[in-house]
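K.L.:
What shape does this take:
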Amino acid sequence: MRPKKHILPIIILSQFACTSLWFAGNAVADDLVQSIDLGSKLIPYILSSVQLGFIVGTLSFAFLMIADRFSPSRVFLVSALLAASCNIYLLSKSISLTPLLLARFGTGFFLAGIYPVGMKIAADYFNTGLGKALGYLVGALVLGTAFPHLLKWFDIGNDYRLVVVSISILASLGGVMLWFLVPDGPYRKPASRLKLNAFWEIFGVSSFRRAAFGYFGHMWELYAFWAFVPLALALHNRLTDANINIPLWSFLIIGIGSISCIIGGKLSLKFGSRKVAMTSLLISGCCCLLSPVLFKLPTGVFLTFYILWGMAVIADSPQFSTLVAQAAPSKLTGTALTLTNCIGFAVTIVSIQLLSTFSEDFSEQSITYLFLPLAIGPIFGLVSIAKRSS
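P.N.:
Residues are numbered from 1 along each chain as shown. Sure thing, here's the model as predicted:
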């Protein structure tokens with residue numbers, strides 16, 4: 001049964017509209033702390049509170065099996081409205097540090113009902129060709145990730161209040177649009193009751209474990225790479241007297257991943273999600289290992305390398321989600337996707353903190369080795385996903 005043509009575009013648009021709460025919020029963090037005189041040192045805590053909220057949210061949604069017990073479209077709508085409400089609270093005249101952190105935490109918490117649930121909705125419609133569908137879906141998320149860098153390049157968003165209001169409205173409309181136009185999919189198999197042993201049942205499936213561990217290795221590299229792209233560009237500028245436009249090229253290097261997600265999704269129809277994921281991991285792992293020698297090369301070579309890395313580092317993400325969805329018990333697909341998101345994003349905090357510590361302690365010359373530890377992720381992921389059932 002082929003879904004109606006509007007289904008996938010609506011899921012993609014709604015997903016982008018709602019996840020913009022996450023990324024555009026990062027773009028206005030500087031102006032936000034200045035407006036309430038909190039100091040720039042608190043910006044990392046504001047950004048981390050969203051990540052923490054997402055991790056706690058995904059863990060809660062997974063434990064309660066929200067996406068499998070209730071209508072995913074309704075969960076998406078309610079989560080979008082609540083996340084938008086948390087975001088709009090940033091404009092409260094009486095807001096201080098604690099309410100600010102709680103508001104960002106709340107935004108992250110309810111994003112747990114948006115990103116993994118959006119993938120669950122896609123899985124309910126695409127029994128075949130899921131890798132292609134998720135390629136488009138994750139591609140939209142990648143554009144959202146790159147969005148703050150584009151704002152900086154255009155030097156817009158000086159009135160952060162306008163950004164906050166417009167993004168909150170956009171997210172609300174995204175939730176409403178999906179609820180009205182995308183009913184529960186034909187392949188949805190709802191869970192009739194809460195199963196407290198669902199985690200053990202999911203991880204008891206060997207093919208799920210292999211896909212999940214591959215995804216965790218991928219996540220070890222992904223967000224740390226994205227977070228430190230501007231630093232890498234700035235370092236190349238200093239070492240070679242180049243004049244790279246850092247916001248523009250940060251957007252291009254991260255944003256190009258949206259195209260590779262789509263390409264990878266189409267290739268998965270011919271070669272399978274497993275081969276596409278392994279190839280992407282192999283390429284990005286090689287980029288990690290080669291990164292120290294490229295900082296002093298000509299700017300054109302350096303940028304070409306980072307564009308390639310930006311494509312490889314994310315192209316496997318929708319394919320791992322496809323493998324997870326296909327391997328999980330049919331009545332626990334939403335819980336499986338949410339759980340892997342939870343653990344995967346927890347992994348990103350460790351790798352980002354590790355690189356942050358290295359970037360502070362290393363000399364300018366030795367900092368060229370900054371990305372080497374990220375190779376641990378692709379190596380672990382390749383070993384995990386390469387194993388076959390006996």
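
K.L.:
Gly113 reaches Phe76, doesn't it?
P.N.:
Yes. At 6.3 Å, Gly113 and Phe76 qualify as touching, with contact defined as C-beta atoms under 8 Å. C-beta here means a position set from N, CA and C on the backbone, and glycine is covered the same way.

K.L.:
Apart from its neighbours in sequence, what residue is nearest Glu221?
P.N.:
Gly377 (4.0 Å; C-beta to C-beta, 6 or more residues apart in numbering).

K.L.:
Verify the stated contact: that neighbour with Phe225.
P.N.:
No. Taking contacts as C-beta under 8 Å, Gly377 lies outside contact range of Phe225: 9.5 Å.

K.L.:
Packing partners of the strand or helix carrying Ser351?
P.N.:
Element membership for Ser351, per DSSP states H and E: helix 333-361. Applying 3 or more C-beta pairs under 8 Å, 6 or more residues apart in numbering; DSSP states H and E, we find helix 333-361 packed against helix 43-63, helix 66-69, helix 115-125, helix 198-203, helix 206-240, helix 317-327.

K.L.:
6 Å - rerun?
P.N.:
The contact analysis (3 or more C-beta pairs under 6 Å, 6 or more residues apart in numbering; DSSP states H and E) places helix 333-361 against helix 43-63, helix 66-69, helix 115-125, helix 206-240, helix 317-327.

K.L.:
So which of the ones you listed is nearest Leu372?
P.N.:
helix 206-240 (11.2 Å; C-beta to C-beta).

K.L.:
Buried ones in that closest one, by neighbour count?
P.N.:
207-208, 210-226, 228-233, 235-236, 239 (16 or more other C-beta atoms under 10 Å).

K.L.:
Send me stretch 237-257 as CSV with only the CA atoms.
P.N.:
Provided in CSV are the C-alpha atoms of stretch 237-257 (Å, rounded to 0.1, in the frame of the first residue of the first chain):
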residue,chain,number,x,y,z
ASN,A,237,42.6,30.8,9.3
ARG,A,238,45.3,31.3,11.9
LEU,A,239,47.7,28.7,10.7
THR,A,240,47.5,29.7,7.0
ASP,A,241,46.5,33.4,7.1
ALA,A,242,43.4,32.4,5.2
ASN,A,243,40.1,34.4,5.4
ILE,A,244,37.4,31.8,5.5
ASN,A,245,33.9,33.2,6.3
ILE,A,246,33.3,31.0,9.4
PRO,A,247,29.5,31.4,9.7
LEU,A,248,28.9,30.8,6.0
TRP,A,249,31.2,27.8,5.7
SER,A,250,30.0,26.3,9.0
PHE,A,251,26.5,26.4,7.5
LEU,A,252,27.7,24.8,4.2
ILE,A,253,29.7,22.1,5.9
ILE,A,254,26.9,21.1,8.2
GLY,A,255,24.0,21.8,5.8
ILE,A,256,25.5,19.7,3.0
GLY,A,257,24.6,16.7,5.1
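
K.L.:
So which bits of that stretch are buried?
P.N.:
For stretch 237-257, by 16+ other C-beta under 10 Å, it's 239, 244, 246-247, 249-257.

K.L.:
Skip ahead from the helix holding Ser351 and say which helix or strand is next.
P.N.:
helix 376-386.

K.L.:
Output the contacting helices and strands for that next one.
P.N.:
Contact analysis of helix 376-386 by 3+ C-beta pairs under 6 Å, 6+ apart lists helix 206-240, helix 273-290 as its packing neighbours.

K.L.:
nearest to Ala327, of the ones you listed?
P.N.:
helix 206-240 (4.0 Å).

K.L.:
Which strands or helices does that closest one pack on?
P.N.:
helix 246-255, helix 299-315, helix 317-327, helix 333-361, helix 376-386.

K.L.:
how much does it deviate in direction from helix 299-315?
P.N.:
Counting by axes from the mean of the first three to the mean of the last three C-alpha atoms, to 10 degrees, helix 206-240 lies at 160 degrees to helix 299-315.

K.L.:
Average pLDDT for helix 206-240, rounded please.
P.N.:
Across helix 206-240, the average pLDDT comes to 93.

K.L.:
Equivalent analysis for stretch 82-99, please.
P.N.:
87.

K.L.:
Quick one: end-to-end distance for that stretch.
P.N.:
With C-alpha to C-alpha, to the nearest Å as the measure, stretch 82-99 spans 15 Å from end to end.
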